[in-house]
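Asks: fold the stuff below for me.
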Amino acid sequence: MKKKTLKKVLIVFLTLIIFCGQISIATNNETTKDGSYVTNYTEDTVELKDTLKEGEVDVIKSVKYNNDKTFDISLKSQALGFQKEKISQNEYNIVFVIDNSGSMYGDTGRVKACVSAINSVIKDLANSTNVQLSVVAYSSGSHLDYSSENNKDDYISSNTVSADTLLDLKHYGSSAYIGYVDNYGLGDGKDYNSRNTYRWLYSSTGKKFYAGNTNTQAGIIKAYEVLEEAKNKSTATPVIILMSDGEATNYAYSGNYLTGFKYELKSMSELDNLKSAFSNEYTENQLAGYNAILSANYVKSKLSSSYSKNCMFYTLGYSLEQNYEYSAATLNPTQTNLTKSSNYMKSGYKEYGLYDLVNSSASAKNLKSKYGISNLKYNEKYYEGTTKNIESIYKNIVNDSMTEYEYLGPIKEGTYLSIIDTLGDKFKINTDKESIEMKLQTQGLKDADKKEKTITLSKNNTNLYSYSDENIEVNYDVKNKEVTLKILAKYADKNKINLTYQVDLEDDATGSEEGITYYTNDTQNTYYEFTPDKQNLYYSGEVKEKISTTGSITLKKDKPQENVVEKNTVIENTTINNVTENNKNTTNEIVNNKTTNNEVVNNKTTSNEAVNNKTTNNEVINNKVTNNVTINNTTENNKKEVNVTKQKTTKLPKTGRDIDISSNIKNKLIQKYNI
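Replies: Now for the predicted structure:
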């Protein structure tokens with residue numbers, strides 16, 4: 001064989017040795033007491049659902065590996081209750097507050113559709129003996145009095161008549177009604193505001209109320225007075241249904257009658273001179289809407305205190321056209337609507353009124369504090385309608401205000417959602433101490449912030465560690481290796497619960513040459529269970545579900561090392577200059593050289609040169625030699641002395657592969673071939 005070829009072969013051979021060594025270095029070096037090492041692990045890091053259906057319970061187990069033969073186990077749960085409509089036996093006091101300003105009349109047809117809708121609702125409620133109703137109308141503080149045909153020109157100019165009742169609060173039969181008169185266009189002139197234009201509402205009880213401007217605040221306050229005078233406040237629910245067809249134009253600005261509701265400035269002269277209640281700059285200063293919002297919040301708060309039930313407040317925008325942003329902000333004061341409306345105010349008015357409220361000035365904060373207002377949005381729901389659908393909207397509002405729901409949890413009240421995690425074979429929780437620490441994390445379903453704390457399980461006896469508070473119980477049964485998390489039904493509802501603890505391998509966990517896999521939990525005995533509320537349609541009965549999620553770890557042992565090599569094969573081993581005394585061979589090829597007890601049998605050599613190669617007591621068993629290179633080999637009398645030599649091996653860790661290279665041969669090869 002040529003030297004270059006031999007050199008290439010040896011380079012490849014040594015490279016293979018180095019490469020195998022690198023593989024062993026990269027192998028995981030975590031070991032157990034018996035020397036087994038980790039060859040593989042699995043995790044199951046899972047999260048709860050993003051959303052839940054009503055009545056649903058969601059439970060998972062999450063497993064995270066810590067790279068030290070330990071796992072963090074997390075038992076997670078969340079649940080959501082549900083609402084169920086129930087037949088109400090409660091009493092209701094409902095007040096309809098109707099806009100009776102001039103814009104409701106004329107060619108618009110608004111007053112006609114409104115009156116028809118209210119009368120339809122009155123008939124619908126005629127058989128509901130648990131409902132009392134009232135109808136209040138509002139316009140402005142200046143009206144034409146048509147109580148008699150002889151004094152048509154008489155004026156009433158008083159805040160006290162900006163709103164009045166058409167139907168007193170009581171239960172009505174189907175004969176009750178309200179009506180209207182509108183002779184716009186029937187007189188000599190068609191002036192919309194002419195005194196000759198007769199416009200008013202009236203009722204079956206004979207009461208009349210006349211058209212004017214729009215003092216929304218007065219209508220709200222009149223509804224409050226009607227409800228406050230009721231005799232059944234301890235049993236009834238107060239309901240206000242406010243309707244307007246446009247912007248508020250008037251408000252209370254003087255007099256003791258509306259103390260607590262009036263807009264408060266540094267001085268009354270500022271209000272009278274700068275922001276007249278009858279100014280044409282209604283939209284620019286928006287003080288009328290400002291006062292209506294404050295009064296609505298105040299009224300709702302006061303009625304909720306004086307009644308056993310909270311006040312329900314609904315608003316209806318009726319064919320809103322002019323100054324839509326301002327009108328919508330008054331009836332539905334969301335932050336978006338208030339901001340849009342305040343942008344229409346003149347710069348000179350921005351230190352007062354609506355702009356002041358939206359931008360949370362010091363004076364606005366004082367007013368909110370004085371009237372107990374935390375949120376300017378006073379209404380439960382806001383509706384928009386037209387003459388075509390006002391009747392259906394009124395009926396929807398009444399139905400909504402009288403429909404009651406019972407909130408039920410997903411789990412039967414007083415019971416627990418129980419999660420049982422039975423640890424797998426060879427896994428345990430460390431019980432060297434008198435207590436066990438675990439992490440408990442809680443979070444509301446809609447909350448961004450998580451609350452986390454450490455809980456301590458105390459040792460009750462040799463087999464039980466436990467923790468409990470008003471919401472949960474946690475136990476660890478040492479003998480059965482069970483972690484039990486019990487969550488009280490009311491606490492499981494609307495909350496995310498996460499209990500985390502650590503498990504590790506027991507001391508006697510061992511591997512094998514092939515590897516043994518251990519699992520963190522017993523898939524047959526890890527489960528959760530609960531009793532759903534009997535009306536929960538999401539579950540048909542008691543629930544017991546297995547939890548299959550599990551982490552695992554695989555341990556492996558090294559194969560035993562072999563100190564004596566019996567079947568050693570050397571490739572491309574060439575003997576050069578082989579010299580023997582009394583038996584000198586040249587061109588001697590050796591194949592199947594079998595040596596037993598210093599005798600050579602079937603010795604065939606070709607081109608074999610031996611030079612000064614001396615062998616003493618060398619025992620070779622089943623040694624197959626092909627092209628063996630031997631330097632300075634000397635034998636005497638063709639007789640070999642046999643010596644048992646334990647071969648030194650280079651072992652590739654954790655691969656089970658043995659490579660036998662004579663260090664003497666390797667060094668001489670390196671010297672001769674410069675490799």
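
Asks: what pairs with residue 442 across the strands?
Replies: Beta bridges link residue 442 to residue 451, residue 497, judged by DSSP bridges.

Asks: so what's it up against?
Replies: Contact analysis of residue 442 by Cβ atoms under 8 Å, 6 or more residues apart in numbering lists 450, 451, 452, 495, 496, 497, 498. C-beta: built from backbone N, CA, C; applies to glycine.

Asks: apart from its neighbours in sequence, what residue is nearest the third one?
Replies: Counting by Cβ to Cβ, 6 or more residues apart in numbering, residue 452 lies nearest to residue 441, which is 4.5 Å off, once chain neighbours are set aside.

Asks: right, and that neighbour touches residue 451 too?
Replies: Yes. Residue 441 lies in contact with residue 451 (Cβ atoms under 8 Å); the separation is 7.0 Å.

Asks: can you read off the pLDDT for the residue lying closest to residue 235 once chain neighbours are set aside?
Replies: Closest residue to residue 235 in three dimensions, ignoring its sequence neighbours and counting by Cβ to Cβ, 6+ apart: residue 91, at 5.0 Å. Residue 91 is assigned a pLDDT of 95 by the prediction.

Asks: likewise residue 255?
Replies: If you check residue 255, the pLDDT there is 37.

Asks: now swap in residue 414 and tell me
Replies: Residue 414 carries a pLDDT score of 94 in this model.

Asks: you'd agree it is up against residue 489?
Replies: Yes. The criterion here is Cβ under 8 Å, and residue 414 meets it with residue 489 at 6.5 Å.

Asks: where does pLDDT dip in this protein?
Replies: For the chain, applying pLDDT under 70 flags the ranges 1-29, 87-88, 141-161, 184-197, 252-285, 348-357, 359-361, 363-364, 366-374, 559-675.

Asks: tell me where it has helices.
Replies: Using DSSP state H, the helices of the chain run over residues 3-26, 110-124, 216-228, 268-274, 282-285, 287-306, 324-331, 335-342, 353-358, 362-370, 390-402, 489-492, 663-673.

Asks: from the contact counts, what lies against the third one?
Replies: Under the contact criterion of 3 or more Cβ pairs under 8 Å, 6 or more residues apart in numbering; DSSP states H and E, the helices and strands touching helix 216-228 comprise strand 91-99, strand 131-138, strand 163-170, strand 236-244, helix 287-306.

Asks: neighbours around the nearest residue to residue 505 once chain neighbours are set aside, how many?
Replies: Closest residue to residue 505 apart from its sequence neighbours, by Cβ to Cβ, 6+ apart: residue 69 at 5.2 Å. Using other Cβ atoms under 10 Å, residue 69 has 18 other residues around it.

Asks: who's in contact with the residue nearest to residue 235?
Replies: Counting by Cβ under 8 Å, 6+ apart, residue 91 touches 130, 131, 132, 232, 235, 236, 237.

Asks: tell me what it is bridged to.
Replies: Beta-bridge pairing for residue 91 (DSSP bridges): residue 236.

Asks: same check on the one 4 residues further on?
Replies: On DSSP bridges, the residues paired with residue 95 through beta bridges are residue 134, residue 240.

Asks: isn't it up against residue 134?
Replies: Yes. Between residue 95 and residue 134 there is a contact under Cβ under 8 Å: 4.6 Å.

Asks: so which of the two has more stuff around it?
Replies: Applying other Cβ under 10 Å to residue 95 and residue 134 shows that residue 95 carries more neighbours, namely 26 against 21.

Asks: what about the more buried one, distance to residue 229?
Replies: Look at residue 95 and residue 229: by Cβ to Cβ, to the nearest Å, they are 11 Å apart.

Asks: joint contacts of those two?
Replies: residue 169.

Asks: before we move on, the earlier item: show me which of residue 414 and residue 489 is the more surrounded one.
Replies: residue 489 (21 against 9).

Asks: what sits closest to that one if chain neighbours are left out?
Replies: The shortest distance from residue 489 to any non-neighbouring residue, by Cβ to Cβ, 6+ apart, is to residue 411 (3.9 Å).

Asks: shared neighbours of residue 95 and residue 134, anything?
Replies: Common neighbours of residue 95 and residue 134 (Cβ under 8 Å, 6+ apart) are 169, 223, 226.

Asks: next up, the contacts around the second one.
Replies: Under the criterion of Cβ under 8 Å, 6+ apart, the contact partners of residue 223 comprise 95, 97, 134, 136, 240, 242, 299.

Asks: quick one, what contacts the fourth one?
Replies: By that I understand residue 136. Contact analysis of residue 136 by Cβ under 8 Å, 6+ apart lists 95, 96, 97, 98, 163, 164, 165, 166, 219, 222, 223, 226.

Asks: for residue 528, same thing?
Replies: Shown in contact with residue 528 (Cβ under 8 Å, 6+ apart): 59, 77, 417, 418, 419, 420, 543, 544, 545, 547.

Asks: ok, residue 86 to residue 551 distance?
Replies: Remark: distance between residue 86 and residue 551 (Cβ to Cβ) = 47 Å.

Asks: measure residue 365 to residue 470 for me?
Replies: Here the criterion is Cβ to Cβ. By it, residue 365 lies 37 Å from residue 470.

Asks: residue 454 too?
Replies: 18 Å.

Asks: isn't residue 558 up against residue 34?
Replies: No. Contact criterion Cβ under 8 Å: residue 558 and residue 34 do not qualify, at 10.6 Å.

Asks: neighbour count: these two, which is higher?
Replies: Applying other Cβ under 10 Å to residue 558 and residue 34 shows that residue 558 carries more neighbours, namely 15 against 12.
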